[in-house]
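>>> requesting a structural model of the entry that follows:
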Amino acid sequence: MTCRKRAGLGAEFLREVHSTLLRIQENPDLYVATYRDVRSARLHRFPYLVHYRLLEDMVLVLAVMHGGRESSIWQNRASQSD
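The predicted structure follows:
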C-alpha cells in the first residue's frame, strides 16, 4: 500500500473545518438534530462531519469525525455531555 502525501492538505482541512464552524456559528439552526439534540454539519471538501449541540448561549462541538466512522463514538460523547 502506498501513502500519497500532498503538501498543504492538512492546512486545507483545517481551513474547511474553520469554515464549517463559522457557518454553524452564523446559523446554528441550519442543521437538523439527527440524534437526540445533536446536529451534524458536513464539511464541503472532505468526508467529515462536525457534530454539535446547541446550549443556551453557545455551541458545544462534540466531535469532528470521518463520515464513515461508527456513529456510536460521538453518540457516547453526546450522552456524556447531558
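
>>> identify the residues contacting the helix or strand harbouring Arg15?
Assigning secondary structure by DSSP states H and E places Arg15 in helix 9-26. In this structure, residues lying in contact with helix 9-26 by Cβ atoms under 8 Å, 6 or more residues apart in numbering are 30-31, 41-46, 48, 50, 52, 59, 61, 64. C-betas here are computed from N, CA, C, even on glycine.

>>> which of those sit farthest apart?
Across the contacts of helix 9-26, the two members that end up farthest from each other (Cβ to Cβ) are Arg45 and Val59, 21.5 Å apart.

>>> the two: which has the busier surroundings?
Set Arg45 next to Val59 and count neighbours by other Cβ atoms under 10 Å: Val59 wins out with 14 against 11.

>>> picking up where we left off before, so what strands line up beside the helix or strand following the helix holding Arg15?
Toward the C-terminus, helix 9-26 is succeeded by strand 33-35 as the next helix or strand (DSSP H and E). Strand 33-35 pairs in its sheet with strand 38-42 (antiparallel), by DSSP bridges.

>>> export the strand it pairs with to CSV, keeping only CA atoms.
Output for strand 38-42, consisting of C-alpha atoms alone and laid out as CSV, is shown next (Å, rounded to 0.1, in the frame of the first residue of the first chain):
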residue,chain,number,x,y,z
VAL,A,38,-27.1,16.7,18.3
ARG,A,39,-26.7,18.3,14.9
SER,A,40,-24.3,17.4,12.2
ALA,A,41,-22.7,19.7,9.6
ARG,A,42,-20.8,18.1,6.7
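
>>> that strand vs helix 9-26, what angle?
Taking axes from the mean of the first three to the mean of the last three Cα atoms, to 10 degrees, one finds that strand 38-42 is oriented at 130 degrees with respect to helix 9-26.

>>> give me the subset of the contacts of helix 9-26 lying in strands.
41-42, 48, 50, 52, 59, 61, 64 (DSSP state E).
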